[in-house]
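# Model the following, please.
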Amino acid sequence: CVWNLQAKLCQRRCFLKGPPGTGKSELLVHAAKRVVDRGGRVLFLAPTGSLVHSYLDRLPDSEDIFVETVHAGLRFARPRDAQRVRCNPPSRLSLYDVIFLDEVSMLELPVFEELFRVVQELPQRPIFVAAGDFAQLEAIDGNDVVRRACEGMTSQIELTTVHRSQDEKHLAFVSAIRESQPSRQQIREYFELPVDRFLGVERTLEQWLDFGMVQQRLHGHPFVWICNTNRGVAKVSRAALRRLGISMEQVESEGYLGDPSVKGSMRILPREGVWLRLTRNLDKPRGFVNGAIGQVVEVFRFPDIFSVRLISGTLVMVHPVRFQGATFLPCVYGYAVTVRRTQGLTLFHGALYLDGRMYPRPRGHGYVAVSRFRSALGVYHYGPLRRSDWLPTARGSGQQVEPSELSSPDWPANPTSPRRRMSAASVRTIAAAG
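Modelled structure (predicted):
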């Protein structure tokens, strides 16, 4: 981008693109430091609270760097706020010389339109940099206007070197499935070599959750289950609660209402050791943000006041909040997340449970889920293997959109049905190799 204020406005607009793990966010962090060194002020905008907290952890303490969610930056809280922003853009945006927008591909069209229009009208003509990767997931609203707007910006910067992983096999597979649908054989080879990482039907889901918890204790990193529907997230959460000896009857009779804005959320029964995911941005500097995961440490008043230690090590207090006439706990169970919530994350190990039954299949989910991980050895697969789960965002010829006769919507109820099984030797090898 051109720093000279006399330059054309289009020369102060830039799109930063690149595959997952190429360092887009890190580049923005270093760029912010340089802007501050030159006497400028920087605003970071992100679509989620968890990304805001991630930036706050990495950025230096400075009175000239600010980090907000997009909705907070635009003062979007209710639908009627949109008209107020259209007539009177937030004056605080006129304080910044540079505005960085990360994960632009996650924004819905109306929000992006308002943000871009506001930036265009700001009197100080700030440099505006949008960063993202439109090859990951399709837009929530199915509209590609945001992608075309970014690709039409005068300045384009593309990062190509992946720094997240040094695993050549993992990088080759991720690169291949970015543009084309893999064959069944390619998927099998990725999950079977050097050791079998298919989590088969010889164990129950509860037992595989135990396996994940063992890996988590051994290596000190959360073992994350990634699903492509809220239904799958709820199934994993119910299995985790059963593993802890908590029945659904107890949850319904003794639990407190969870966040109603999250589809499929259950009542929260806080017990020591239960994993939860926060759902509201109540204290961004301390890490109480939407998407943060932690474990219940102590219950002060059952079932609605307790402390949670986040993965970052921060201890936060969870208590009921009131919003739009409803009183609830700002959290849900944290044993699994949807694919969309993993964008921007780097994971050490976890399991893919691509559970959806809708056809045609959602595109990009398999690619995004696998690309979150540092190496192939950290990626496990639970559930039936279907090529249709691995459709790339880019549409091409010869793709299997519907399931084949060898596929099934879920595993059969009969546990003796032929399936690939992870051997005990494979489990021991993986545990030893980390």
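
# Now for G23, how many residues are close by?
15 (other Cβ atoms under 10 Å). The way it works is simple: take the backbone N, C-alpha and C, and place the C-beta from them, glycine included.

# Can you tell me how far the closest residue to it other than its chain neighbours is from P19?
Spatial nearest neighbour of G23, chain neighbours left out: H163 (5.2 Å); criterion: Cβ to Cβ, 6 or more residues apart in numbering. Taking Cβ to Cβ, to the nearest Å as the measure, H163 falls 11 Å from P19.

# Give me the more crowded residue out of these two.
P19 (21 against 11).

# The more buried one: what secondary structure?
Recorded secondary structure, P19: coil (DSSP: H, G, I helix; E, B strand; the rest coil).

# for R271, same thing?
In three-state terms, and counting by three-state DSSP, R271 is coil.

# Quick one: residues contacting it.
With contact set as Cβ atoms under 8 Å, 6 or more residues apart in numbering, R271 has these partners: 244, 246, 296, 299.

# how about 10 Å then?
Residues near R271 by Cβ atoms under 10 Å, 6 or more residues apart in numbering: 241, 244-246, 250, 296, 299, 302-303, 306.

# So which of those residues wins on neighbours?
F306 (24 neighbours).

# Which residues are in contact with that residue?
256, 268, 270-272, 274, 276, 296-300, 317-319, 329, 331.

# For ChimeraX, what selects the buried ones among the residues you listed?
Buried residues within the contacts of F306, by 16 or more other Cβ atoms under 10 Å, are selected in ChimeraX with:
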select :256,268,270,274,276,296,299,318,329,331
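
# circling back to that earlier point, among the contacts of R271, which ones are in strands?
296, 299, 306 (DSSP state E).

# how near is the first one to M248?
For V296, the distance to M248 under the criterion Cβ to Cβ works out to 19 Å.

# One more: the last one?
Distance of F306 to M248, given as Cβ to Cβ: 20 Å.

# The second one too?
When distance is defined by Cβ to Cβ, V299 is 20 Å away from M248.

# Reformat the contacts of R271 as JSON lines; add distance to L354 and pLDDT.
Shown next, in JSON lines, are the contacts of R271 (distance: Cβ to Cβ, whole Å; pLDDT from 0 to 100):
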{"residue": "L241", "distance to L354": "22", "pLDDT": "94"}
{"residue": "L244", "distance to L354": "25", "pLDDT": "90"}
{"residue": "G245", "distance to L354": "29", "pLDDT": "91"}
{"residue": "I246", "distance to L354": "26", "pLDDT": "93"}
{"residue": "Q250", "distance to L354": "30", "pLDDT": "95"}
{"residue": "V296", "distance to L354": "29", "pLDDT": "96"}
{"residue": "V299", "distance to L354": "35", "pLDDT": "96"}
{"residue": "F302", "distance to L354": "36", "pLDDT": "94"}
{"residue": "P303", "distance to L354": "33", "pLDDT": "93"}
{"residue": "F306", "distance to L354": "33", "pLDDT": "97"}
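
# Looking at those, which is nearest R217?
L244 (15.4 Å; Cβ to Cβ).

# Tell me who's in contact with that closest one.
206, 209, 269, 271-275.

# Tell me which of these has the lowest pLDDT.
Lowest pLDDT within the contacts of L244 is found at G273 (90).

# Quick check: which ranges of the protein have low pLDDT?
Within the chain, the stretches with pLDDT under 70 are 1-10, 76-90, 141-142, 358-360, 395-398, 401-434.

# So for it, the centremost residue is which one?
T342 (1.9 Å; Cα atoms, centre = their mean).

# burial of D304, as a residue count?
D304 has 18 nearby residues by other Cβ under 10 Å.

# for it, phi and psi?
When read as degrees, to the nearest 10, the backbone of D304 gives phi -120, psi 0.

# Give the full set of residues in contact with it.
Per Cβ under 10 Å, 6+ apart, neighbours of D304: 255-257, 268, 270, 318-320, 327-329.

# Excluding residues flanking it in the chain, which one is nearest A176?
A176's closest residue in space is P182 (Cβ to Cβ, 6+ apart), at 6.3 Å.

# did I read that right, that neighbour in a helix?
No - checked against three-state DSSP, P182 lies outside a helix; its state is coil.

# Just confirm it contacts G366, I think it does.
Yes - using Cβ atoms under 10 Å, P182 is in contact with G366, at 8.3 Å.

# neighbour-wise, which of those two wins?
Neighbour totals were compared for P182 and G366, and G366 leads with 27 against 18 (other Cβ under 10 Å).

# Identify the residues contacting the more buried one.
Here G366 is in contact with 177, 181-182, 187, 226, 228, 339, 352, 354, 381, 386-392 (Cβ under 10 Å, 6+ apart).

# Check the secondary structure at it for me.
Per three-state DSSP, G366 ends up helix.

# Could you measure from it over to Q181?
9 Å.

# Quickly list what's touching both of those two.
In contact with both G366 and Q181: 187, 387-392, using Cβ under 10 Å, 6+ apart.

# burial count for E168?
10.

# Quick one: neighbours of the closest residue to T393 other than its chain neighbours, just the number.
Nearest non-adjacent residue to T393, counting by Cβ to Cβ, 6+ apart: G364, 4.2 Å away. Neighbourhood size, G364 [other Cβ under 10 Å]: 24.

# hang on, isn't G364 packed against Q181?
No - the pair G364 / Q181 is not scored as a contact, 11.1 Å apart, by Cβ under 10 Å.

# For these two, list the residues in contact with both.
390-392, 394.

# Where neighbours are concerned, which of those residues has the most?
Compared across the shared contacts of G364 and Q181, W390 has the highest neighbour count, 26 neighbours, by other Cβ under 10 Å.

# just checking, V98 touches G40?
Yes - using Cβ under 10 Å, V98 makes contact with G40 at a distance of 5.9 Å.

# which of these two has more neighbours?
Set V98 next to G40 and count neighbours by other Cβ under 10 Å: V98 wins out with 24 against 17.

# Identify the residues contacting that one.
1, 3, 12, 28, 31-32, 34-36, 38, 40-44, 65, 126-129.

# Buried among the residues you listed? Make that a PyMOL selection.
The following PyMOL line selects those of those that are buried, judged by 16+ other Cβ under 10 Å:
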select buried, resi 1+12+28+31+32+35+36+40+41+42+43+44+65+126+127+128+129
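
# where along the stretch 151-300 of the chain do the strands fall?
In the stretch 151-300 of the chain, the segments counted as strands under DSSP state E, counting those that start in this stretch are 155-158, 198-199, 223-227, 275-278, 293-301.

# Quickly run through the sheet partners of the first one, with directions.
The strands beside strand 155-158 in its sheet (DSSP bridges) come out as strand 13-17 (parallel).

# ok, then the element right after the host helix or strand of F66?
Assigned by DSSP states H and E, F66 falls within strand 65-69. Going down the chain from strand 65-69, the next helix or strand is helix 70-74, by DSSP H and E.
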